[in-house]
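Visitor: Let's see this in three dimensions:
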Amino acid sequence: MTITTTESYTAATDQTRQATERGVDAFKKGAKTIADQAAVVATLPSVDLTEPVARYFDYIQKTVDLNRELATRWAELLTLFAGTVREQAEKVSDIVQDQGEAVSDLAVQQAAEADELAREQAEQAEQVKRDEEKAARAAERAEAKRAKEQAREPYEGLTKAELADKLADRDLPKSGTVEELIERLVEPDSQ
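Guide: Below you'll find the predicted structure:
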């Protein structure tokens, strides 16, 4: 922004200087023309040029003063504008920094919450798996018990001699209590 201010001031100063130089050149040319034609002027009636010259220089002075005032006001405005822009830029920078920190804090917090949630879900999944395995083992035991009970049904009302005959048919030992004989017959049937 400082470069633009300097460039604007330099441009205004150059315009003033150029206007002054043009005025001086015009005056020089006019004076030279008058001097060159002095012989013609001598034949002309006498004219008092003091007042037009004075008015001309008053005009040039007013132009210079006006240009100086204009350039000064432009410089003041640009300085004020640069200060305002700098203040606004600082405010925006502070706001962006604050927002960046807030977003960063929020992201860290959400990442921690997501991590905690993932850990809880993993623990729940493991618990569900353990519960399912436990239920499966209980179901297997219940099924094995049911199969054993079904396998016992045909032997429940038999005598020890009848159980011994069935064991003999299978080449299994025939000694023991009725309960032991039934268990010996049921074991291969329930597998």
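Visitor: could you give the mean pLDDT of the longest helix along the chain?
Guide: Determined from DSSP state H, the single longest helix within the chain is helix 50-152. Mean pLDDT, helix 50-152: 86.
Visitor: Tabulate the CA atom coordinates of the next helix-or-strand element following that helix in CSV.
Guide: Following helix 50-152 in sequence order, the next helix or strand is helix 160-169 (DSSP states H and E). Extracted C-alpha coordinates of helix 160-169, given in CSV (Å, rounded to 0.1, in the frame of the first residue of the first chain):
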residue,chain,number,x,y,z
LYS,A,160,-29.4,-105.8,33.9
ALA,A,161,-29.4,-109.1,31.9
GLU,A,162,-30.9,-107.4,28.8
LEU,A,163,-28.4,-104.6,29.1
ALA,A,164,-25.5,-107.2,29.3
ASP,A,165,-26.8,-108.9,26.2
LYS,A,166,-26.8,-105.6,24.2
LEU,A,167,-23.3,-104.9,25.5
ALA,A,168,-22.1,-108.3,24.4
ASP,A,169,-23.5,-107.7,20.9
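Visitor: And helix 160-169, what's buried?
Guide: Neighbour counts using 16 or more other Cβ atoms under 10 Å place Leu163, Ala164, Lys166, Leu167 of helix 160-169 among the buried residues. (Each C-beta comes from the backbone N, C-alpha and C, glycine too.)
Visitor: For these, work out which two are farthest apart.
Guide: Ala164 and Lys166 (7.4 Å; Cβ to Cβ).
Visitor: okay, now the domains of the chain?
Guide: 2-126, 156-190 (automatic domain parsing).
Visitor: Highest mean neighbour count out of those domains?
Guide: domain 156-190 (a mean of 13; mean count of other Cβ atoms under 10 Å).
Visitor: Quick one, grab the pLDDT at Ala12.
Guide: At Ala12, pLDDT is 77.
Visitor: Work out for me the element it sits within.
Guide: helix 2-36.
Visitor: so what does that helix touch, helix or strand wise?
Guide: In terms of contacts (3 or more Cβ pairs under 8 Å, 6 or more residues apart in numbering; DSSP states H and E), helix 2-36 is packed against helix 50-152.
Visitor: what sits against Thr6?
Guide: Contact analysis of Thr6 by Cβ atoms under 8 Å, 6 or more residues apart in numbering lists nothing.
Visitor: Quickly note the distance from it to Glu179.
Guide: Distance, Thr6 to Glu179, using Cβ to Cβ, to the nearest Å: 114 Å.
Visitor: Name the residues of stretch 143-153 that are buried.
Guide: Ala151, Arg152.
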